[in-house]
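*Asks:* What follows is a predicted protein model with its sequence.
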Amino acid sequence: KDNNIQFSKRKAEEILLKKELAKSFKEGLPIKGYVKRYIKDKNQFQVLVKNISGICYADKIDIKEFDEKAINNYIDKTFDFKIINYSNNRLLLSRKDYILDKAKIDKLKFFKEKNKKDIVKCTVKKILENEKGVIVTIDSFEGFIPRKEISYSKYFKIEDILSEGQVIDAEIIELDKKNDKIILSYRNTKKDPWQDLKYKVGDIVKCNVCKVFPDGLFVNVEDGIDGYIYKKDLSWIEDSENEKKLAKEGNIVEGKILKIDFKNKRLIIGIKHVLPNPFRKYIDDHQIGQKVKGKVDKVTDFGVFVEL
């Protein structure tokens, strides 16, 4: 008698579940499924919806390309799925379709509820090649942060400011529903460091060489604070070997702030000004009339240049 009751209850639950699955399939509603195992020779996952077994092909388990090495990201985990087909007790599922459908719904809701200048939380998904910008995820869909909206600095490496997987706040600067685009700004959530500049003329600063030009170096003191070192301020001796060593992108150099250009938001920096002046030292160490040795560097019509 007890066995008959137990059997009847299980059968009733199975009938109700099948009705639920049929309804979810017809109306496109998501269902939860437990990924039990990966069947390698069939390239598919066995997924249990309560006590009913279904399948999800490997290329439908995620929106990214399937990697067999990453199957542990799915095994023994419960996810939401979309029913692709349910007939003759065959249950075909897709997590990829569920994610894409959810993204569409969430994005439509986002366009309806959000406005320009709203701050949203997002996750850095990918730094684009050639540093054009960053793709971020907002809930289940994507947005874009152009390079110029990442930092107040002119020259910088995105990876020095943002990293993939990092959760950030960003300001909405464009909602293009027609073209299905969401453009964001990261730097607008930060205070422009030039609004309350903490540096003054005479300060000694360390900076990163970002770009080398014929007349000098473009440097970055910190995120949002750029500077320029003119060639004449690199070294006391023009075209010296030390000067050539300094003029390389990525070098960290130390210099003194000579001028603050508020209009162009740029510090004018000199490297030689933190080093002893070799001419002054030579004059201090020698007297007029003293005999010295030197190497002839250049001969001209008006005289001879000697290296001391």
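*Replies:* Nice, I can see it. Residues are numbered from 1 along each chain as shown.
*Asks:* Tell me if Lys69 really is in a helix.
*Replies:* Yes: assessed by DSSP: H, G, I helix; E, B strand; the rest coil, Lys69 belongs to a helix.
*Asks:* That one - how many residues pack around it?
*Replies:* 7 (other CB atoms under 10 Å). Where you see a C-beta, it was placed from the backbone N, CA and C, and this is true even at glycine.
*Asks:* now it: how far from Glu164?
*Replies:* For Lys69, the distance to Glu164 equals 19 Å [CB to CB, to the nearest Å].
*Asks:* and what of Arg10?
*Replies:* 47 Å.
*Asks:* likewise Ile127?
*Replies:* The gap separating Ile127 from Glu164 is 7 Å, by CB to CB.
*Asks:* which of these two has more neighbours?
*Replies:* Legend: neighbour count by other CB under 10 Å for Ile127 and Glu164, higher for Ile127 (20 against 12).
*Asks:* Need the nearest residue in space to that one, chain neighbours excluded.
*Replies:* Ile158 (5.2 Å; CB to CB, 6 or more residues apart in numbering).
*Asks:* Without its sequence neighbours, what residue ends up closest to Gly250?
*Replies:* Val209 (6.4 Å).
*Asks:* what about the one you found, which SS state?
*Replies:* Classified using three-state DSSP, Val209 is strand.
*Asks:* For it, grab the count of nearby residues.
*Replies:* The number of residues packed near Val209 is 19, by other CB under 10 Å.
*Asks:* That one contacts Gly216, doesn't it?
*Replies:* No: using CB atoms under 8 Å, Val209 is not in contact with Gly216; the gap is 10.3 Å.
*Asks:* Name the residues of stretch 184-197 that are buried.
*Replies:* Buried residues in stretch 184-197, counted by 16 or more other CB atoms under 10 Å: 184-188, 193.
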